[in-house]
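Q: coordinates only, no sequence provided:
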């Protein structure tokens, strides 16, 4: 019998200023092949990663925002975003990417992967994880 | 948040450890040598863990952490040699030091195979380190009792 | 269930410690390492943050305290541990969360 663990990827940093957002996403995508129970947490400046409408052409760096949209194709359906972190930064759910997955238990209905949670709920999500990965 | 139990293939193992049992540890180093303290804290932690009789399953180098693996490092003689002490620790304790291939390619850390594959005129990986995929990090997460990250 | 949280940044530089303390649970341990040890300096604003953290044990890594000349400057109630103590905290709690 092989082991399945809850992997929680914690994102606390904004994109572009540093490489952490991009390279942690690469871990998530590779990790998806290992059939563990994966969830992503976005809090503090990490919520900035999900603000839609990136245009990186003038900056001259690769626009990796499509990789977030692809998460659903990798069976990643649990993307927790902290409400207080959004509000403190002047953001709302409307500012965020629409990330979806197809629920195989519901006739492949397309559903939102993003779940806005309170700080308290986020703390519990962290406690429930078996492995917490921070970058 | 209900767990998606239908997708689980196996037992869900909770990490209850008895005291005094050796523990299987995974260590992740996310920053380069000298620039951040992460490499020092990780090394000192690894030494202490081995002294206590624990097992280090893998030390995984990611982001700028891959720069710990260059054999071309020439720090001042009166200071610690970060790459050398990783290599020596690995040899003494048969440790698995893994450098992520994608992060290494971005930052120019090469072994002979990567050098040939990419048509470069040199390689620079230090003894005791090997280049491999991100799957090695995930495997450490699965196999280890504890996974500890050292970064910025 | 007890978590070990590591915080390696000065609270005067960024909000890492504050965010960590907003997510801890009863029985958890927060280990200040690297520049994180500055939070434990007596009389600093961050020391108030630590004092307010109920039900959580705060520790500081001795190597980092000593390297920064802080050995006699720490607020009461912070337990100083060495690397061996750090290892014990990792193995005796259920999992470690690095606040990076």
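A: Arrived safely, thanks for sending. Values in this document were obtained by computation on a predicted structure and should not be read as measured data. Numbers count the residues shown, from 1 in each chain, chains lettered A, B, ... in the order given.
Q: which residues of chain A lie near chain B?
A: For chain A, the residues in contact with chain B (Cβ under 8 Å from any Cβ of the partner chain) are A:1-7, A:18-20, A:23, A:26-27, A:30-31, A:33-37, A:75, A:77-78, A:105, A:115, A:125, A:128, A:130-135. Yep, even glycine has a C-beta here, placed from its N, CA and C like the rest.
Q: show me how to select, in ChimeraX, the buried members of the residues you listed.
A: Those of the residues of chain A next to chain B that count as buried under 16 or more other Cβ atoms under 10 Å in any protein chain shown are selected in ChimeraX with:
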select /A:4,5,6,7,19,20,23,26,27,30,31,34,36,37,77,78,125,130,131,132,133,134,135
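Q: which of the residues of chain A next to chain B fall in strands?
A: The strands, defined by DSSP state E, take in A:6, A:7, A:37, A:115, A:131, A:132, A:133, A:134 from those.
Q: can you lay out the residues you listed as TSV showing distance to residue B:49 and pLDDT?
A: What follows is these, written out as TSV (distance: Cβ to Cβ, whole Å; pLDDT from 0 to 100):
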residue	distance to residue B:49	pLDDT
A:6	24	96
A:7	22	97
A:37	27	95
A:115	36	98
A:131	18	97
A:132	19	98
A:133	19	98
A:134	19	98
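Q: can you map out the helices along the chain?
A: If you meant another chain, say so; for now it's chain A. With helices called from DSSP state H, chain A shows them at A:20-31, A:65-69, A:83-88, A:119-128.
Q: my bad, the chain I had in mind was chain C
A: Remark: helices assigned in chain C by DSSP H are C:16-21, C:45-52, C:62-67, C:83-92.
Q: any idea which of the ones you listed gets closest to chain B?
A: Nearest of the helices of chain C to chain B, taken as Cβ to the nearest Cβ: helix C:83-92 at 3.7 Å.
Q: and the closest one, what's buried?
A: For helix C:83-92, a neighbour-count test (16+ other Cβ under 10 Å) marks C:83, C:85, C:86, C:87, C:88, C:89, C:90, C:91 as buried.
Q: so where's the chain uncertain?
A: Chain wasn't specified; assuming chain A. Chain A contains residues with pLDDT under 70 at A:1-2.
Q: wrong chain, I was asking about chain B
A: Counting by pLDDT under 70, the ranges of chain B that qualify are B:1-19.
Q: scan it for its longest helix.
A: If each helix of chain B is counted by residues according to DSSP H, the longest one is helix B:38-51.
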